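K.L.:
heads up, no residue letters with this:
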Ligand code: NAD
């Protein structure tokens, strides 16, 4: 099953548990609006560059649409629609007042100059500005986009609608962004891991952890988990991984990765492949690189007893079933990596109020929101004998269905 189909698959399972009618299921599965626009720009060489941009607005029963904007060669309607629905369930499970959306432009940002990227972004805003806004749909960075792209969007949007920094989140701190947003997803992964372990009557002290991915989510999850006492024994990136059962020195590893462009070759440690990393004898595994990495074969050979999904859709549904049968606890992406959207929500609130939060306030509020969300999902999983994934979907779908009913159709 493709990862784009996985969200609908989990939705259907949880909806059956909730006893939702067929018509409500259809309503909740169907995106409210799907936008596809031509985004042609003058390229640096004088030719016309033709691109296609997408924005799918899945559900807004609980608030404005919210979700990332990615610049990637494989962006298409199906992928964007699946990710938009994932955002609906993610914002609902952590109870922030948003619906779900996602967008993107099919392009390879690595092959575009800064000027071309800026023209592309501004043209996209010219095409869709009437469909986004702080009370309508609030994009954020995703693969291939960053704070600079958000700054261009806010600036272009202001030419049509005036000063509205809350039209996007993930902005640079110097331009109405919020402190602590960069590290929010990784920090949230660590918080959720701490909460699961606490429920098992244990602490993270001395627990061994393997992390796939050493980008934003992977490196920051590792840093915070190490700060909570865990021993990070393996880390990988696109070129391969490094394993040291005695624990990796994360600062030295980060500086090695900066100078060599990869973690492979770091010493002391042995080189492992990305596949080997996933089946190492560790207590906790954090997939934090890309989707579709935990296959049925890997699930059968997995030694970790806890998986916390930093990446979106890292586990194939068939593999998820094997993990459940084997008693492996899997904290699903919609809960585990929701730290980013939670702090995005704080940024939006800060923008609407023209008021700045302190770093300590951001960290405290994020911790509290993530712990409460975990408690709710854990309680449902125990009460209804569901995996954490189905319990998370159960909580999310129940909230969205209730809001839909209360608001009316
Ligand atoms: P990133 O680009 O900063 O880092 C990605 C890391 O994965 C890099 O270390 C890269 O080398 C590695 N990688 C790439 N291809 C790989 C491969 N084939 N095998 C192994 N490693 C590979 O990205 P990120 O922001 O850390 O995002 C990671 C995942 O988390 C993505 O699935 C993303 O959708 C998800 N996510 C990110 C955020 C966020 O706030 N950054 C929020 C929610 C979900």
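P.N.:
Okay, I see it. Here the structure is a predicted model, which is why all the values come from computation and not from measurement. Residues are numbered from 1 along each chain as shown.
K.L.:
ok, the residue of the stretch 1-150 of the chain found nearest the ligand - how many residues close by?
P.N.:
Closest residue of the stretch 1-150 of the chain to the ligand, Cβ to the nearest ligand atom: residue 143 (6.3 Å). No exception for glycine: its C-beta is placed from N, CA and C like everyone else's. Residue 143 has 15 neighbouring residues, counting by other Cβ atoms under 10 Å.
K.L.:
what about residue 351, neighbour count?
P.N.:
24.
K.L.:
number the residues from 53 up from this point.
P.N.:
Taking 53 as the first residue, the last one we looked at is residue 403.
K.L.:
how about the contacts made by it?
P.N.:
Listed by Cβ atoms under 8 Å, 6 or more residues apart in numbering, the contact partners of residue 403 are 186, 217, 218, 228.
K.L.:
rerun that using 7 Å as the cut-off
P.N.:
When contacts are counted by Cβ atoms under 7 Å, 6 or more residues apart in numbering, residue 403 is found next to 217, 218, 228.
K.L.:
quick one, grab the pLDDT at it.
P.N.:
Per-residue pLDDT puts residue 403 at 98.
K.L.:
please apply the same query to residue 55.
P.N.:
As summarised for this prediction, residue 55 has a pLDDT of 69.
K.L.:
residues of the stretch 303-452 of the chain that sit close to the ligand?
P.N.:
For the stretch 303-452 of the chain, the contact set with the ligand under Cβ under 6 Å from any ligand atom comprises 326, 340, 341, 342, 343, 362, 363, 364, 389, 392.
K.L.:
keep only those of those residues that are in helices.
P.N.:
326, 392 (DSSP state H).
K.L.:
neighbour-wise, which of the residues of the stretch 303-452 of the chain next to the ligand leads?
P.N.:
Neighbour-wise, those (other Cβ under 10 Å) top out at residue 362, 32 neighbours.
K.L.:
from what I can see that one touches residue 389, true?
P.N.:
Yes. With contact defined as Cβ atoms under 7 Å, residue 362 counts as touching residue 389 (5.4 Å).
K.L.:
who touches both of the two?
P.N.:
Common neighbours of residue 362 and residue 389, using Cβ under 7 Å, 6+ apart, are 241, 269.
K.L.:
before we move on, the earlier item: which residues touch the residue of the stretch 53-202 of the chain closest to the ligand?
P.N.:
122, 124.
K.L.:
helix, strand or coil for it?
P.N.:
Here residue 195 is recorded as coil under DSSP: H, G, I helix; E, B strand; the rest coil.
K.L.:
how near is residue 192 to residue 69?
P.N.:
Noted for residue 192: a distance of 31 Å to residue 69, by Cβ to Cβ, to the nearest Å.
K.L.:
look at those two and report which has more neighbours.
P.N.:
Taking neighbours as other Cβ under 10 Å, residue 192 and residue 69 compare with residue 192 leading, 25 against 17.
K.L.:
surely that one meets residue 396?
P.N.:
Yes. Taking contacts as Cβ under 7 Å, residue 192 lies within contact range of residue 396: 5.3 Å.
K.L.:
shared neighbours, those two?
P.N.:
221, 222.
K.L.:
rewinding a little: ChimeraX command to pick out the buried ones of the contacts of residue 403?
P.N.:
In ChimeraX, a selection of the buried entries from those looks like this (16 or more other Cβ atoms under 10 Å):
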select :217,218,228
